[in-house]
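Participant: generate a structure from the sequence data that follows.
(one chain, ligands or ions: 3)
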Amino acid sequence: MTYVSADVTDNGHTLLLKDSNANETRFHAMWLRDNALDEETRAANGQRLITLNGIPKDTVIQSAVLSKDENISIKFDPDGKQTNFPIGWLQDHAYDTHKTQTEKGWLPPMVETWDGSLNNAVPTADFTEVANDRKKLGDWLTAIKRYGFAKLTGGPVENGALTKVADLFGYIRETNYGKWFEVRTEVNPTNLAYTGLGLQAHTDNPYRDPVPTLQILYCLENSAEGGDSMVVDGFKIAQKLRQEMPEGFEALSSYCARFEYAGEAGVKLMSKRPMIELNPDGELIGIRFNNRSCAPITDVPFDTMPTYYEAYRRFCELVDAPNMAVAFKLQPGESFIVDNTRVLHARKGYSGAGSRWLQGCYADKDGLYSTLSAIEHEMKVA
Ligand code: NM2
Ligand code: OGA
Ligand code: ZN
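Facilitator: Ligands and ions are numbered 1, 2, ... in the order given. Predicted structure coming up:
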């Protein structure tokens, strides 16, 4: 499908394109001028050279000519600026579409929510393979984007090996816990993670703003009894809650919870953010859930607090429901990565003979998605 006519309407404020089925797509003059692709507007690196203030406020389209080489040539008034847009580019960036997503809590098509049935198909890759093969790395990163977590097996059993996992796609986010941290039983633990206690499924560091968007947990020793890992899809839970209790979903997504951590000297982290986070367009973009560091919630109106707590309880029940979790016991050299804004992770308590030693670190999704997009581009041009 391509555009067959280009008309200037609305006193030059609108470009009206029609395809051969008479479907119409409109673009505003100001939008077109701002998004011009020519070298006066964009540097070779893709960055815009002009500011909006450099564009006359009364910019209109003087003429638009559709040429056979699939370009639209546009001349603007009052500055006489002339520029070309490839038709394909305009099609790819059309915004005059009827968006169908109106329900709050929607997810992009590539995100797949899951429950315990994913135990049969846990997204997993081999460390050596993803380290040596861009395509395999791309597949592993795609799984993380789709499911919000993935395992990696066959990694080195050595101190700091988890940094090699982060190196595959991006950068570690250093925090007060260090560049990475030892997850093993300690005397006088500053965090309950550093005990043998079971940990209810949670997202890490909700008391931090911005929250780390990825966590890697890497196993070096796991011969103790127990200590199994579990992951739960927070997006699945949020959508289940919305279905079962719309007013509960509304409460958890419209009011802020509070989180804090002050377990070590010199640290007093606090945040005020919702447990279920939506974009202004209703997209479900984040989950914060951590019983250990949830602070007194003081931003919910008195009359809504009972509904809020009912919803929080239901969320909690779903977090603990055995049919929602994917479970595995990490072996030395195995690790998993979670999207810490979506997938909750848990561990069973451990004790007795043997030992358990994991190392953990944080990283961020922007770098992971950037690497994935770059790989996708490489595969396309190859
Ligand atoms: N550790 C393992 O978010 C949390 O407080 C969970 C984090 C201490 C870095 C534990
Ligand atoms: C953590 C954590 C889980 C584990 O350190 O954040 O949740 O398996 N640990 O020890
Ligand atoms: Zn954790």
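
Participant: could you give the average pLDDT over the helix or strand where M305 lies?
Facilitator: If you go by DSSP states H and E, M305 is part of helix 305-320. Computed over helix 305-320, the mean pLDDT rounds to 98.

Participant: what residues of that helix count as buried?
Facilitator: T307, Y308, A311, Y312, R314, F315, L318, V319 (16 or more other C-beta atoms under 10 Å). Backbone N, C-alpha and C define where each C-beta goes, glycine included.

Participant: can you check stretch 292-307 too?
Facilitator: Going by neighbour count (16+ other C-beta under 10 Å), the buried part of stretch 292-307 is R292, S293, C294, A295, I297, V300, T307.

Participant: closest to L220 out of these?
Facilitator: Within the buried residues of stretch 292-307, proximity to L220 (C-beta to C-beta) peaks at R292, which comes in at 23.8 Å.

Participant: return the list of helices and strands in contact with the helix holding M305.
Facilitator: Under the contact criterion of 3 or more C-beta pairs under 8 Å, 6 or more residues apart in numbering; DSSP states H and E, helix 305-320 touches strand 199-202, helix 234-244, helix 246-254.

Participant: angle of that helix against helix 246-254?
Facilitator: Angle, helix 305-320 to helix 246-254, by axes from the mean of the first three to the mean of the last three C-alpha atoms, to 10 degrees: 90 degrees.

Participant: after helix 305-320, next one along is what?
Facilitator: strand 325-328.

Participant: given that next one, what are its sheet partners and their directions?
Facilitator: As defined by DSSP bridges, the strand partners of strand 325-328 come to strand 229-233 (antiparallel).

Participant: pLDDT on the partner strand, on average?
Facilitator: Strand 229-233 carries an average pLDDT of 98.

Participant: report the separation between Q331 and ligand 2.
Facilitator: With distances taken as C-beta to the nearest ligand atom, to the nearest Å, Q331 is found 13 Å from ligand 2.

Participant: identify the residue nearest A131 in space, chain neighbours excluded?
Facilitator: L168 (6.5 Å; C-beta to C-beta, 6 or more residues apart in numbering).

Participant: where does pLDDT dip in the stretch 101-250 of the chain?
Facilitator: Of all residues in the stretch 101-250 of the chain, those with pLDDT under 70 make up the ranges 101.

Participant: so which residues on it come close to ligand 1?
Facilitator: Residues of the stretch 101-250 of the chain found near ligand 1 (C-beta under 6 Å from any ligand atom) are Y177, F181, V183, N191, A193, D204, N205.

Participant: can you give me the pLDDT of A382?
Facilitator: pLDDT, A382: 87.

Participant: ok, which of the buried residues of stretch 292-307 also contact ligand 1?
Facilitator: Among the buried residues of stretch 292-307, proximity to ligand 1 is found for S293 (C-beta under 6 Å from any ligand atom).

Participant: near ligand 2 at all, the helix holding M305?
Facilitator: No. Among the residues of helix 305-320, none lie within reach of ligand 2 under C-beta under 6 Å from any ligand atom; the closest is 13.3 Å away.

Participant: how about the contacts made by M230?
Facilitator: Applying C-beta atoms under 8 Å, 6 or more residues apart in numbering to M230 gives the contacts A201, A325, V326, A327, H345, A346, R347, K348.

Participant: for I144, same thing?
Facilitator: Residues in contact with I144 (C-beta under 8 Å, 6+ apart) are P123, A150, I337, D339, L368.

Participant: just the CA trace of the host helix or strand of it, in CSV.
Facilitator: According to DSSP H and E, I144 maps onto helix 134-147. As requested, the backbone C-alpha atoms of helix 134-147 are provided in CSV (Å, rounded to 0.1, in the frame of the first residue of the first chain):
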residue,chain,number,x,y,z
ARG,A,134,25.1,-12.8,18.3
LYS,A,135,22.0,-14.5,17.0
LYS,A,136,21.8,-16.7,20.1
LEU,A,137,22.4,-13.7,22.3
GLY,A,138,19.6,-11.9,20.5
ASP,A,139,17.2,-14.9,21.1
TRP,A,140,18.1,-14.9,24.8
LEU,A,141,17.5,-11.1,25.1
THR,A,142,14.2,-11.5,23.2
ALA,A,143,13.1,-14.1,25.7
ILE,A,144,13.9,-11.6,28.5
LYS,A,145,11.8,-8.9,26.8
ARG,A,146,9.0,-11.4,26.2
TYR,A,147,8.8,-13.2,29.6
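
Participant: circling back to that earlier point, now, which of the contacts of I144 sits nearest M275?
Facilitator: D339 (16.0 Å).

Participant: weed out the non-buried ones from the residues of the stretch 101-250 of the chain next to ligand 1.
Facilitator: Among those, the ones that count as buried by 16+ other C-beta under 10 Å are Y177, F181, V183, A193, D204, N205.

Participant: once you drop chain neighbours, what's closest to the second one?
Facilitator: Read that as F181. Per C-beta to C-beta, 6+ apart, closest to F181 is G360, 5.3 Å.

Participant: burial count for C219?
Facilitator: Neighbour count for C219, taken as other C-beta atoms under 10 Å: 24.

Participant: is it correct that it is in contact with S335?
Facilitator: Yes. Contact criterion C-beta atoms under 8 Å: C219 and S335 qualify, at 6.4 Å.

Participant: grab the nearest non-local neighbour of N84.
Facilitator: Closest residue to N84 apart from its sequence neighbours, by C-beta to C-beta, 6+ apart: N71 at 4.7 Å.

Participant: list the contacts of the one you found.
Facilitator: Neighbours of N71 in contact, by C-beta under 8 Å, 6+ apart: N84, F85, P86, I87.

Participant: out of the contacts of M230, who's nearest ligand 2?
Facilitator: Taking C-beta to the nearest ligand atom as the measure, R347 is the one of the contacts of M230 closest to ligand 2, at 3.3 Å.

Participant: mind checking how far the closest one is from T195?
Facilitator: The gap separating R347 from T195 is 11 Å, by C-beta to C-beta, to the nearest Å.
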